[in-house]
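Novice: return a 3D structure for these sequence lines:
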Amino acid sequence: MLSRLFRHPRAIIMAVLSASILLGWQGRHFEINASAETLISDNNRDYLESRKINQRFAPEEFLLVVYEPRNHALFSEKSFADIRELTEKLSALERVETVRSILNVPLLSELDALAGEVNPEDYTQNRLQLPAERLSDIFRNHPIYEGLIVDREQTASAIQLLYRQNPKLEALESRITTLKLKALDETLSYEETLELEKLVRQAEPLRSELREQRHREVEHILEIIEPYRSEAELYLGGVQVLGYELISIIKRDLALFGSAIAVVICLVLALLFRSVRWVLIPVVCCASSVALTLGLFGLLGLKATVISSSFVALQLILTLAIVIHLIVQYRESLRKLPDASQYEVVLDSVRRKIAPCLFAAATTSIGFGSLLLSGIQPVISFGWMMVVAMAVSTLCSLLLVPAINLILPRRQAPERNSFFREFIGGCHHLATQKKAAVYPGSALLALAVGAGVMQLSVENSFINYFADDTRIHRELSYVDQKFGGSTPLDIIYRIPRDEQAEIPTLSAETVQRLQRIQHQLEQHEAVGTTLSVVNFTELAKQINQGKPLTEYELTAVYWSLDKSVRRDLLGAFFAPDAQELRISTRIKDSTKNLNRKQLLTDIREDLKQQNIPEKDVKLTNLFVLYQGLLEQLFSSQILTLGAVFAVLGVAFALIFRSLKLALIALVPNSFTALFVLGSMGWLNVPLDFMTITIAAIAVGIAVDDTIHYIHRFLEERERGGDATEICDRTHHAVGYALLYTSLIVIFGFALLAFSDFTPSIMFGAFTGLAMGIAMLTDLTLLPALLHQFAGKPSKNP
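Specialist: Residues are numbered from 1 along each chain as shown. Have a look, this model is predicted:
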């Protein structure tokens with residue numbers, strides 16, 4: 001079959017390249033989605049309940065533009081003029097419903113008393129024209145605006161953009177959430193299943209349009225504020241700003257470092273092989289593989305998230321590994337068949353490598369298949385993406401490398417580099433003659449890094465994804481610290497039945513309990529701006545000449561307020577129909593040494609001390625969802641590694657038809673994964689949304705090397721000779737491919753150390769580490785085990 005297939009190399013090349021161009025064109029539909037929702041599974045109960053709560057309280061989507069004057073006071077005519085101009089320009093944006101600033105927020109503390117006829121617009125700075133000193137006094141220690149509109153030091157002010165919702169999308173999302181929640185408790189009817197599928201199809205283009213619109217909005221806002229940077233520092237804050245910056249820096253890294261890595265890879269290939277041919281072929285294979293894969297994902301509507309944004313780099317590694325093994329085998333076949341034609345040499349190299357390449361692809365896919373066990377949709381999607389990428393890379397390489405070789409003239413096999421020959425020989429000597437040092441050394445190293453695994457922690461700070469000296473980090477950290485935090489956390493308190501009234505209202509007992517909860521919450525350093533009905537009661541107290549309102553007065557004021565005022569002040573914090581109250585806060589993501597798990601534990605303990613029944617209170621929103629997801633990721637990735645190695649063991653046993661060889665093959669793979677995770681533990685690199693996949697990557701890389709080495713070892717064993725000779729021949733046949741691949745990846749991805757995106761740096765460092773450790777274990781520990789336990793052929797090895 002192979003002989004017939006490669007009789008037509010030009011047809012193969014045209015077919016693959018045509019498919020690459022056609023599918024590559026579909027790659028324009030492929031997108032990176034960095035929204036918060038992409039990190040959380042659609043069928044996560046906490047996520048769905050959080051959405052339901054948000055629909056009930058309807059908190060508004062917002063974005064902050066922070067204005068910090070350089071050479072003039074915040075409460076000055078110059079600042080007011082700039083803020084007024086910015087407000088007008090930002091109000092013109094299509095989706096913006098309201099823009100709030102120090103000039104147009106209602107200053108209700110100027111009221112003599114709260115009453116139903118209050119018109120908020122009559123009590124704004126634009127209307128009142130208060131002196132700067134009086135305005136400063138109003139905002140100082142204001143129960144609502146301090147930390148929200150003006151920072152505590154009164155050096156900067158936030159312009160808050162509130163966005164209008166898409167009613168059609170909101171209605172679709174509400175019904176989708178209801179059906180998905182129902183599906184968690186019972187089986188949906190056939191009609192409901194069809195309805196859910198239809199609703200998701202209807203919602204998806206609206207979601208995509210909203211993501212694109214948010215991206216354009218941030219770009220437009222950056223254009224609007226640019227002229228004012230000469231007089232003031234301006235910062236953007238908000239969840240959509242973070243998403244915009246993540247996508248921007250990921251795309252920038254892909255373009256800049258992708259090009260730089262490609263250049264370095266070409267240079268290293270040229271240095272290693274000293275031939276244009278061996279630079280051209282890997283480049284064509286890598287480009288075709290990536291184009292085909294991106295096209296498939298675009299065609300299928302698959303999207304990359306923050307978790308899966310590194311898949312292109314991983315695919316390059318996988319493709320290079322296969323291509324280099326094929327190149328090294330071709331050069332070996334040239335030496336062994338000096339009188340054969342080019343066609344015969346190419347066919348011999350393919351026949352000798354097709355089985356180990358397919359076996360390696362299958363077992364590498366099992367390594368990435370560990371991600372499918374996570375139970376978390378974005379991670380599962382990444383697993384499938386890598387399985388598809390592995391299949392595409394294998395097919396492209398096995399077709400293009402031989403086909404391109406066949407249309408090029410045959411050349412004499414070059415001499416091997418003496419330095420690499422010495423290195424391979426040294427590894428062989430260590431594995432076969434110094435096993436007494438290899439075994440205890442490996443064991444001690446395994447114990448050391450194993451202890452490092454116990455030091456692993458789970459933390460995720462989106463702000464710390466960006467290097468400390470970057471503009472993005474400075475801006476996000478500034479807004480995070482000065483204007484109330486970044487990651488939202490809500491406490492939903494359900495009023496006990498015995499405190500509920502026929503007419504929904506707020507009892508004094510309920511307000512007092514909320515005051516105690518909020519006071520305790522604000523004692524935590526990482527807790528930012530906190531808002532609830534408590535802030536409204538504090539404002540009412542200020543208006544009432546410093547006297548607290550009685551329960552009757554509070555109820556009377558609530559129902560006498562104009563609906564719009566009631567909605568603005570209390571709508572997002574009190575749901576009368578559900579008899580639920582919401583305390584909204586944001587966690588300061590940039591807090592030093594923040595332990596998010598401990599913070600949640602402490603908050604829950606605080607609530608217990610308030611003697612609030614667990615059924616009456618619920619912690620929700622993104623902070624809780626992220627932490628729950630991280631803990632789930634940690635347990636799934638660490639605890640399921642055993643299951644993954646068990647599956648790999650079965651695969652090895654089937655491939656090599658030997659339980660002994662299967663157990664030996666597991667050693668370098670488990671050692672590599674252990675070493676990488678242990679190193680992360682000792683270096684205090686936490687597992688987060690970007691680094692959580694390192695274990696699967698390490699296994700995927702190590703498996704490839706192991707398969708090729710053992711497969712060739714068995715071939716050499718059949719040729720005869722003692723164990724030392726077999727290992728020597730295997731080292732000089734496969735060792736070069738392992739060494740070349742590792743050097744190319746390590747040198748190429750070392751460039752990521754210059755990235756401003758911390759996850760890129762971590763990915764480059766630990767991928768290079770995994771490559772290096774996999775190569776060393778497969779050239780020392782693995783052959784030592786094979787030399788001792790599998791050096792002699794037997795009927796039942």
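
Novice: number of residues surrounding the residue lying closest to residue 690 once chain neighbours are set aside?
Specialist: Of all residues not flanking residue 690 in the chain, residue 759 sits nearest, at 3.5 Å (CB to CB, 6 or more residues apart in numbering). All C-beta spots, glycine's among them, are computed from the backbone N, C-alpha and C. Neighbourhood size, residue 759 [other CB atoms under 10 Å]: 24.

Novice: what's the average pLDDT for the helix or strand hosting residue 759?
Specialist: Taking DSSP states H and E as the criterion, residue 759 maps to helix 758-779. Over the span of helix 758-779, the pLDDT mean works out to 88.

Novice: what are the buried residues along it?
Specialist: Across helix 758-779, burial judged by 16 or more other CB atoms under 10 Å covers 758-760, 762-779.

Novice: got it, and stretch 162-178?
Specialist: 163, 166, 169, 172, 173, 176, 177, 178.

Novice: helix or strand for the fourth one, which one?
Specialist: Assessed by DSSP H and E, residue 172 sits inside helix 167-185.

Novice: tell me the angle the helix or strand following that helix makes with helix 167-185.
Specialist: Following helix 167-185 in sequence order, the next helix or strand is helix 190-225 (DSSP H and E). Angle, helix 190-225 to helix 167-185, by axes from the mean of the first three to the mean of the last three CA atoms, to 10 degrees: 130 degrees.

Novice: buried residues in helix 190-225?
Specialist: 196, 199, 203, 207, 210-211, 214-215, 217-218, 221, 224-225.

Novice: just name whatever secondary elements it is in contact with.
Specialist: Contacts defined by 3 or more CB pairs under 8 Å, 6 or more residues apart in numbering; DSSP states H and E place helix 190-225 against strand 62-69, helix 77-91, helix 167-185, strand 232-237, helix 239-273.

Novice: out of those, flag the one nearest residue 536.
Specialist: strand 62-69 (18.7 Å; CB to CB).

Novice: tilt between the closest one and strand 232-237?
Specialist: 160 degrees.

Novice: quick one: average pLDDT of strand 62-69?
Specialist: Mean pLDDT, strand 62-69: 94.

Novice: quick one, what contacts residue 428?
Specialist: Contact analysis of residue 428 by CB atoms under 8 Å, 6 or more residues apart in numbering lists 727, 728, 731, 732, 735, 779, 783.

Novice: need the contact list for residue 177.
Specialist: 48, 51, 52, 55.

Novice: just send these back as CSV, with neighbour count too.
Specialist: As requested, those are arranged in CSV below (neighbours: other CB atoms under 10 Å):
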residue, neighbour count
48, 22
51, 20
52, 14
55, 14
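
Novice: return the item of these having minimum pLDDT.
Specialist: residue 55 (82).

Novice: what's the helix or strand for it?
Specialist: Counting by DSSP H and E, residue 55 is found in helix 45-57.

Novice: residue 647: what's it in contact with?
Specialist: Applying CB under 8 Å, 6+ apart to residue 647 gives the contacts 366, 369.

Novice: the residue nearest to residue 156 when sequence neighbours are not counted: neighbour count?
Specialist: The spatial neighbour of residue 156 that comes closest, neighbours along the chain excluded (CB to CB, 6+ apart), is residue 68 at 3.8 Å. For residue 68, the neighbour count with other CB under 10 Å is 17.

Novice: with the one 4 residues further on instead?
Specialist: The criterion is other CB under 10 Å. On that basis, residue 72 has 13 neighbouring residues.

Novice: residue 450 and residue 224: what is the separation?
Specialist: From residue 450 over to residue 224 the distance is 54 Å, taken as CB to CB, to the nearest Å.

Novice: my error: substitute residue 211 in the last question.
Specialist: Applying CB to CB to residue 211 and residue 224 gives a distance of 21 Å.

Novice: which of the buried residues of helix 190-225 lies closest to residue 376?
Specialist: residue 207 (19.5 Å).

Novice: that older thread, pLDDT added to the buried residues of helix 190-225, as JSON lines?
Specialist: What follows is those, written out as JSON lines (pLDDT from 0 to 100):
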{"residue": "196", "pLDDT": "93"}
{"residue": "199", "pLDDT": "94"}
{"residue": "203", "pLDDT": "93"}
{"residue": "207", "pLDDT": "89"}
{"residue": "210", "pLDDT": "91"}
{"residue": "211", "pLDDT": "87"}
{"residue": "214", "pLDDT": "91"}
{"residue": "215", "pLDDT": "91"}
{"residue": "217", "pLDDT": "94"}
{"residue": "218", "pLDDT": "94"}
{"residue": "221", "pLDDT": "96"}
{"residue": "224", "pLDDT": "96"}
{"residue": "225", "pLDDT": "95"}
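
Novice: now distance to residue 409 too, for these, in CSV please.
Specialist: Formatted as CSV, the entries for the buried residues of helix 190-225 read as follows, by distance: CB to CB, whole Å:
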residue, distance to residue 409
196, 61
199, 61
203, 58
207, 54
210, 56
211, 52
214, 55
215, 51
217, 57
218, 55
221, 59
224, 61
225, 61
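
Novice: pretty sure residue 346 contacts residue 404?
Specialist: No: using CB atoms under 8 Å, residue 346 makes no contact with residue 404, being 9.7 Å away.

Novice: follow-up on the earlier one: the helix holding residue 55 packs against which elements?
Specialist: Using 3+ CB pairs under 8 Å, 6+ apart: helix 45-57 touches helix 167-185, strand 580-587, strand 617-620, helix 622-639.

Novice: count of neighbours near residue 344?
Specialist: Per other CB under 10 Å, the neighbour tally for residue 344 reads 14.

Novice: any idea which element it lies in?
Specialist: Using DSSP H and E, residue 344 maps to helix 342-369.

Novice: mind listing what's buried in that helix?
Specialist: By neighbour count on 16+ other CB under 10 Å, the buried set for helix 342-369 is 342-343, 345-350, 352-353, 356-357, 359-369.

Novice: just stretch 576-590 next, same as before
Specialist: Those would be 579, 580, 581, 582, 583, 584, 585, 586, 587, 588, 589, 590, for stretch 576-590 by 16+ other CB under 10 Å.

Novice: with stretch 292-311 instead?
Specialist: Buried, per 16+ other CB under 10 Å, within stretch 292-311: 292-298, 302-311.

Novice: show the average pLDDT along that stretch.
Specialist: On average, stretch 292-311 scores 81.

Novice: span of it from start to end?
Specialist: End-to-end distance for stretch 292-311: 13 Å, by CA to CA, to the nearest Å.

Novice: could you do stretch 156-175 as well?
Specialist: End-to-end span of stretch 156-175 (CA to CA): 41 Å.

Novice: likewise stretch 526-536?
Specialist: Taking CA to CA as the measure, stretch 526-536 stretches 23 Å from start to finish.

Novice: all strands of this protein, in order?
Specialist: Here the chain has its strands, by DSSP state E, at 62-69, 96-100, 157-163, 232-237, 487-494, 527-531, 574-575, 580-587, 617-620.

Novice: who does the last one pair with, and is each partner parallel or antiparallel?
Specialist: Pointing back at strand 617-620 there. strand 487-494 (antiparallel) (DSSP bridges).

Novice: got it, and the second one?
Specialist: Under the criterion DSSP bridges, strand 96-100 sits next to strand 157-163 (antiparallel) in its sheet.

Novice: please point out which parts of the strand it pairs with sit buried.
Specialist: Those would be 157, 158, 159, 160, 161, 163, for strand 157-163 by 16+ other CB under 10 Å.

Novice: could you give the angle of it to helix 77-91?
Specialist: 10 degrees.
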